[in-house]
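Chemist: what follows is a predicted structure for the sequence shown.
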Amino acid sequence: MVTADRRGRFYTVDPAEAATAQREHGFVPTDEAAGITLLDRPVEGAVAVHRLRLREGHQAYLLSTDPREIERVRGQFDDEGVVGYVYARPGDGRMELTRYSRDGDWRVARADRADLPRAGFHVDGPLGYVPRG
């Protein structure tokens with residue numbers, strides 16, 4: 001979803017949370033994540049994906065699987081908890097999700113999204129791997 005101020009992205013796999021984000025916060029669904037879903041429970045080989053909300057400034061969210069990064073940005077971001085799980089390693093039938101960033105806008109997309117780097121986004125690196133959808 002795009003945040004109400006149009007400067008950030010919000011990620012959820014919970015339909016009720018998505019409806020609340022739209023109704024109460026003015027977030028707008030996009031089709032950027034079509035065909036991508038996180039695992040909804042821990043499974044062998046998977047790691048938790050945390051959603052971190054920027055504390056001050058514009059509306060922005062960062063997804064991370066790295067406990068060191070989550071600790072490092074504490075104070076600048078609030079950890080809203082686990083939103084899903086991704087596999088830590090590639091495997092048959094899995095696609096890589098990559099995190100991209102530009103000027104306080106963090107996005108998670110397929111690793112082959114060439115349009116984001118062309119638009120000035122930095123490739124932060126892989127978030128993890130999910131089943132191809």
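Modeler: Ah, there it is.
Chemist: can you pull the contacts of the spatially most central residue of the chain?
Modeler: Geometric centre of the chain, nearest residue: Leu63, 4.1 Å, by CA atoms, centre = their mean. Going by CB atoms under 8 Å, 6 or more residues apart in numbering, Leu63 touches 11, 49-52, 83, 99, 106, 108, 127. Any C-beta I mention is one placed from the backbone N, CA and C, and that applies to glycine too.
Chemist: dig out what it forms beta bridges with.
Modeler: Per DSSP bridges, the residues bridged to Leu63 are Arg51.
Chemist: ok so, going back, among the contacts of Leu63, name the ones in strands.
Modeler: Mapping those onto strands (DSSP state E) picks out 49-52, 83, 99, 106, 108, 127.
Chemist: just the helices in the protein please.
Modeler: Under the criterion DSSP state H, helices of the chain are mapped to 15-25, 67-72, 115-118.
Chemist: quick one: mean pLDDT for the last one?
Modeler: For helix 115-118, mean pLDDT rounds to 96.
Chemist: let's see it as CSV, backbone CA atoms only.
Modeler: What follows is helix 115-118, C-alpha atoms only, in CSV (Å, rounded to 0.1, in the frame of the first residue of the first chain):
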residue,chain,number,x,y,z
ASP,A,115,12.7,-0.1,-13.0
LEU,A,116,13.4,0.7,-9.3
PRO,A,117,17.2,1.1,-9.8
ARG,A,118,16.6,3.1,-13.0
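Chemist: list of residues touching that helix?
Modeler: Helix 115-118 has contacts (CB under 8 Å, 6+ apart) with 100, 107, 109, 123.
Chemist: swap the cut-off to 10 Å and go again
Modeler: With CB atoms under 10 Å, 6 or more residues apart in numbering as the test, helix 115-118 has contacts from 32, 98, 100-102, 107, 109-110, 121-123.
Chemist: which single one of those residues is nearest to Leu39?
Modeler: The closest of the contacts of helix 115-118 to Leu39 turns out to be Arg110 (CB to CB; 16.4 Å).
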